[in-house]
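Engineer: quick one, what's the 3D model for this:
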Amino acid sequence: MRRHRRAKIVATVGPASSSPEMLKALLLAGVDTFRLNFSHGTQSDHANVHAAIRKLEQEVGRPIGILMDLQGPKIRVGNVRDGKITVAAGETIRFVLSGSDGDKTSIPLPHREIFAAVAPGHDLLIDDGRVRVRVAGLGDDFIEAKVIVGGTISNHKGVNLPGTVLDLSPLTTKDRLDLEFGLKLGVDWVALSFVQKPSDIIEARGLVGDRAGLMAKIEKPAALERIDDIIQLCDAIMVARGDLGVEIPDEDVPGRQKELVRACRLAVKPVIVATQMLDSMVAAPTPTRAEVSDIATAIYDGADAVMLSAESATGRYPREAVEMMDRIIRSTEQHKMYRSIVEATQPGEEQTPPHAVATAAADLASVIHAAAIVAYTSSGTTAARVARKRPSLPILAITPSREVSRRLCLLWGAHSVLSDDVGSYEEMVERATAFAHAEQFASSRDLLVVVAGIPFGQAGSTNNLRVVSLP
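Structural biologist: From the prediction side, this is the model:
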C-alpha cells in the first residue's frame, strides 16, 4: 500500500463506485481519500459506503481518509411558464420574490437574501452562466434586469451572484442534519460549500469542533477577497474550480489556483485542486491531452491532492480514471523539471523555531541522501511543516492518533503509521528504525532524519532533530 508518489488522490463515491468491490479496486489503483458528496444520495447510502471503507481499512491495514462534502445553500429560480422561457440579449426581464409559473415579467426567485443584498450593476448568472443578466432596478419584492447574454431559463436552474455578498449562512438545515450525521459516523474531513467570509468558518467550527478537519471550498469571489483569514481559520482548502469558474472569468482561474496553492503552502494547510480534471473519462477510457496537462500543472504547483468528481462517482471508467491520475502524478514528479519548479515556488520561511527545525530536517535529509524523514506528530502539524518544504524524499509520519493518521491521507508526501506514544529519546529512535524497516522505507546502513517535539505528545512543539543510522 505504499504510494510511489507524493501528491494524493481524492475520489468521489457515487453509483459507479459505491460497491465494496469497486471501493477496493479504487483504493488499490491509488485513492488515498474518498469523498462522500452529500448533494446526492441519502444518509443511509453514505453510511453504507462509510462502513465499507472502514472495513476495507481493516482489511488492508492502512489508514483511509473520508471527506464529507456538504451541499450548502443552493440558489435557484422557481417554476416558469411551460417549464422554460427564452430570453434575448437587450431584453428587460423581472424577477419576483414570490409566485409560480411566471413569464419574463415575473420569474420566481424565492430567496429574500438576494433582494436584500443585490444592487444595480450586479450580475446574475443563470444555469452556470449560460444566461447572464444585469440588475437595472429593484424594489422590495422585484428585480428588473437587462439580459446581457440570452438563452433559455428553465425550472429550478441555479443562480450565481459573483458581485454580491449574501447574508446567508453556508450551512442550511439539511447541512446541519447531514453534518451531525457524518460526525457521528466518524468522517475525517468536512468540506464547507460556498464560503464567503471568515465568519462562515467560525460558524462551522462551532459545530465541528475538533471532531474532524474543516475544509473551506473556495468557489466565491468574496472568499478570494478574505482568503488569508479564511485559510488561517480552517484546516484545509479545496480549489473548487467549477463554481469558481462560473463566478470569475475563465481566464482568471489558473492564476487564482496558483495563488491558493502557494498561500496554503505558506500557511502549512493541505490544498486540493478539484473539478473536471479528467472530465472526458466520464464517458471515455482515455483523457484528453489538455486534462493530462491540467493535472500535471496542479502537481508542479505543489498541490497536496487532486480530485476526481463525476469521473469516479458516475462515470463509466472509475478505476481507469484513478489509474490514469496516479500515472500522471508519478510521471510528473519524476520529470527532470519537477524539482526545480517546485523549489522555485517555495514560499518564504516562517521565522519560528518549529518551522526552522522542520525546514532544517528536510534540507539535511536531502544533503546526506537519507532514505526518509521520520516525523513524530500527535496533531499532524510536524508532518505538515516538513511537507511544506516539499522534500525530495518520503515522509514517514508516526502518530498515536487514528484520526490524525486518516487526515494525513490528504497531506503531500506523508505515509502515516499508527503507533503508541513514545516515552523516551531511545524509544523514539528504536521505533523510527523499526517502522522504516517494516514499511520498506529503509534498509541496513541507510540514514534517517527523525524530527519530533519534546516533551513527546505535546502538539505543535517541533523542536528536535536527530540523524539515525540503521544497523
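
Engineer: any low-confidence regions in the chain?
Structural biologist: Low-confidence segments of the chain, defined by pLDDT under 70: 349-350, 457, 460.

Engineer: can you give the domain ranges for it?
Structural biologist: Following automatic domain parsing, one finds the domains of the chain at 8-72+170-334, 81-160, 353-469.

Engineer: mind checking the ones you listed for the one nearest to residue 344?
Structural biologist: The closest of the domains of the chain to residue 344 is domain 8-72+170-334. By Cβ to Cβ, the value is 9.8 Å. In short, each C-beta sits where N, CA and C put it, glycine included.

Engineer: if we can go back for a sec, possible to save the domains of the chain as JSON lines with distance to residue 347?
Structural biologist: What follows is the domains of the chain, written out as JSON lines (distance: least, Cβ to Cβ, whole Å):
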{"stretch": "domain 8-72+170-334", "distance to residue 347": "4"}
{"stretch": "domain 81-160", "distance to residue 347": "31"}
{"stretch": "domain 353-469", "distance to residue 347": "8"}
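
Engineer: end to end on stretch 277-284, go ahead and measure it.
Structural biologist: Stretch 277-284 has its terminal residues 14 Å apart, counting by Cα to Cα, to the nearest Å.

Engineer: actually stretch 86-100, not the one I typed
Structural biologist: End-to-end distance (Cα to Cα), stretch 86-100: 17 Å.

Engineer: buried ones in that stretch?
Structural biologist: For stretch 86-100, burial by neighbour count (16 or more other Cβ atoms under 10 Å) applies to 87, 93, 94, 95, 96, 97.

Engineer: the second one sits in which helix or strand?
Structural biologist: With the criterion set as DSSP states H and E, the secondary-structure element containing residue 93 is strand 92-96.

Engineer: that strand: what's the following helix or strand?
Structural biologist: strand 107-108.

Engineer: my reading is that residue 39 lies in a helix. Confirm?
Structural biologist: No - using DSSP: H, G, I helix; E, B strand; the rest coil, the assignment for residue 39 is coil, not a helix.

Engineer: contact partners for it?
Structural biologist: Applying Cβ atoms under 8 Å, 6 or more residues apart in numbering to residue 39 gives the contacts 69, 71.

Engineer: circling back: sheet-wise, list the partners of the strand holding residue 93 with their directions.
Structural biologist: Within its sheet, strand 92-96 is paired with strand 107-108 (parallel), strand 142-149 (antiparallel), according to DSSP bridges.

Engineer: quick one: closest of the domains of the chain to residue 343.
Structural biologist: Here domain 353-469 is closest among the domains of the chain (Cβ to Cβ), at 7.5 Å.

Engineer: how far off centre is that closest one?
Structural biologist: 24 Å (Cα atoms, centre = their mean, to the nearest Å).

Engineer: for stretch 320-335, same thing?
Structural biologist: That offset, for stretch 320-335, works out to 18 Å (Cα atoms, centre = their mean).

Engineer: quick one: buried residues of that stretch?
Structural biologist: 320, 321, 322, 323, 324, 325, 326, 328, 329, 330, 332, 333.

Engineer: tell me the secondary structure at the second one.
Structural biologist: Taken by three-state DSSP, the conformation at residue 321 corresponds to helix.

Engineer: check contacts around it.
Structural biologist: By Cβ under 8 Å, 6+ apart, residue 321 lies in contact with 11, 278, 281, 308, 311, 312, 315.

Engineer: and if you look at residue 73?
Structural biologist: Here residue 73 is in contact with 168, 169, 170, 172, 193, 194 (Cβ under 8 Å, 6+ apart).

Engineer: okay if I get these as CSV plus neighbour count, distance to residue 286 and secondary structure?
Structural biologist: Below are those laid out as CSV (neighbours: other Cβ atoms under 10 Å; distance: Cβ to Cβ, whole Å; DSSP: H, G, I helix; E, B strand; the rest coil):
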residue, neighbour count, distance to residue 286, secondary structure
168, 19, 41, coil
169, 18, 42, coil
170, 22, 37, coil
172, 16, 39, coil
193, 24, 31, coil
194, 26, 33, coil
